[in-house]
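# Quick one: sequence and predicted model below, then my questions.
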Amino acid sequence: MTAVSVIGAGAFGTALAVALAAKSPVTLWGRDVAWPRENPRLPGVALPDALRLTDRLQDALAQTVLLALPAQVLGGFLADHAAALDGRNLISCAKGIDLQTLQGPSALIHAACPAATVGVLTGPSFAADIARGLPTALTLACADAATGEALQARLSTGALRLYRTTDVTGAELGGALKNVIAIAAGAAIGAGYGDSARASVITRGFAEMTRLATALGARPETLTGLSGLGDLVLTCTSEGSRNFRFGLALGAGRDFTPGTTVEGAATARAVAALAPKLGVELPISRLVAGLAEGRIAMEHALDILLNRPLKEE
């Protein structure tokens with residue numbers, strides 16, 4: 001058994017496994033891993049010999065398990081496999097809020113696996129960059145400082161640099177909420193509103209992220225770090241982000257690639273349901289939820305935002 005395993009053989013899970021295998025052997029689990037030594041979702045990236053592929057979950061249960069599953073899939077996976085996972089170090093790599101429970105991944109893991117040590121790995125990163133060994137910095141959040149320090153040492157590599165925090169809520173919400181704002185930024189560009197409008201979306205969107213995260217107990221300074229502002233900048237300015245590309249398509253009135261996971265669309269719906277319960281005002285997030293659900297047409301979106309009452313920044 002390897003010391004570290006990755007559950008979820010999508011592009012991001014595979015990229016993490018490739019990066020960590022440069023340091024020590026890693027097991028990668030997926031439902032369909034009958035590939036040659038290359039994941040079709042990461043073309044051009046050869047899988048190292050130290051990376052073992054398996055479709056048998058019992059063969060991928062290391063002491064430290066990275067859960068690289070979409071946020072809307074994680075709850076069901078935990079319900080099916082909680083007994084096998086409990087008692088281990090379980091590190092969520094999902095960036096979203098569960099639509100069924102309106103909870104983040106760490107709360108889902110805690111509920112399903114109460115004896116596990118829960119962490120979150122998040123921050124500005126694209127799978128292709130990580131897999132190719134390009135310099136990347138991420139946040140590792142763990143409420144237990146000593147465990148977090150040990151995991152930081154275990155999961156950092158020469159090119160993958162982890163910064164640690166005990167603010168699991170802040171790190172997790174930064175990663176989830178930036179996807180919503182990235183959709184809005186993409187929509188602004190797709191609709192032809194220009195870079196100045198995108199800058200406004202990023203800035204006001206960051207204010208929304210901070211309001212909601214602190215209402216849920218996060219430390220505001222966490223949102224200014226890699227897991228919040230860093231990831232927000234990356235996903236709002238690059239077409240490497242699926243959420244940004246989805247926003248581009250919305251803004252331009254084009255169809256988006258069917259079957260592509262867009263975490264921000266589901267998270268926007270979850271946030272729209274959660275915000276009233278907390279008394280938090282999130283106009284951009286509500287707008288994204290409306291656009292994603294087809295309740296709001298793009299030609300009306302700008303009017304909705306610009307006709308809001310004037311206020312202090």
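Structure's in. What do you need? All figures in this text were calculated on a predicted structure; none of them were measured in a lab. Numbering: from 1, shown residues only.

# burial measure for the closest residue to Val33 other than its chain neighbours, as a count.
Of all residues not flanking Val33 in the chain, Leu53 sits nearest, at 4.2 Å (CB to CB, 6 or more residues apart in numbering). No exception for glycine: its C-beta is placed from N, CA and C like everyone else's. Neighbourhood size, Leu53 [other CB atoms under 10 Å]: 19.

# Leu53: what secondary structure?
Under DSSP: H, G, I helix; E, B strand; the rest coil, Leu53 falls in the strand class.

# correct me, but it touches Arg37?
No - if you go by CB atoms under 8 Å, Leu53 and Arg37 don't touch, sitting 9.1 Å apart.

# What helix or strand is the residue nearest to Leu212 when sequence neighbours are not counted located in?
The shortest distance from Leu212 to any non-neighbouring residue, by CB to CB, 6+ apart, is to Val280 (5.3 Å). Assigned by DSSP states H and E, Val280 belongs to no helix or strand.

# Can you check the pLDDT for Val280?
On pLDDT, Val280 comes in at 96.

# And it, how far from Ala171?
Val280 sits 19 Å away from Ala171, going by CB to CB, to the nearest Å.

# Compare the two (neighbour count), which wins?
Set side by side, Val280 and Ala171 show more neighbours around Ala171, with 36 against 17, by other CB under 10 Å.

# dump the residue contacts of that one.
Val120, Thr122, Thr139, Ala141, Thr165, Thr222, Gly225, Ser227, Gly228 (CB atoms under 8 Å, 6 or more residues apart in numbering).

# 10 Å instead, please
92, 104, 106, 119-123, 138-142, 163-165, 213, 218-219, 222-223, 225-228, 231 (CB atoms under 10 Å, 6 or more residues apart in numbering).

# what's the answer for Leu16, then?
By CB under 10 Å, 6+ apart, the residues touching Leu16 are 4, 6, 8, 26, 28, 66, 68, 91, 93, 121, 125, 127, 130-131, 138, 155, 160.

# what ranges of the stretch 151-300 of the chain fall below the confidence cut-off?
Across the stretch 151-300 of the chain, nothing is flagged by pLDDT under 70.

# Would you map the strands across it?
Under the criterion DSSP state E, counting those that start in this stretch, the stretch 151-300 of the chain contains strands at 160-165.

# what comes up buried for stretch 197-216?
197-198, 200-202, 204-206, 208-214 (16 or more other CB atoms under 10 Å).

# Please read the previous query as pertaining to stretch 263-281.
For stretch 263-281, by 16+ other CB under 10 Å, it's 263-272, 274-275, 280.

# out of these, which are inside helices?
Under the assignment DSSP state H, the buried residues of stretch 263-281 contribute Glu263, Gly264, Ala265, Ala266, Thr267, Ala268, Arg269, Ala270, Val271, Ala272, Leu274, Ala275 to helices.

# Return the member of these nearest to Asp32.
Glu263 (21.1 Å; CB to CB).

# That closest one and Cys93 touch, don't they?
No - assessed by CB atoms under 10 Å, Glu263 is found out of contact with Cys93, at 11.4 Å.

# Please identify every residue contacting each of those two.
Contact with both Glu263 and Cys93 is made by residues Pro70, Ala71, Gly175, according to CB under 10 Å, 6+ apart.

# Narrow those to those in helices?
Ala71, Gly175.

# Report the residue ranges of every domain in the chain.
Annotated domains of the chain cover 4-166, 169-307 [the TED database].

# re earlier: a markdown table for the shared contacts of Glu263 and Cys93, including distance to Asp303?
Output for the shared contacts of Glu263 and Cys93, formatted as a markdown table (distance: CB to CB, whole Å):
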| residue | distance to Asp303 |
| --- | --- |
| Pro70 | 33 |
| Ala71 | 31 |
| Gly175 | 31 |
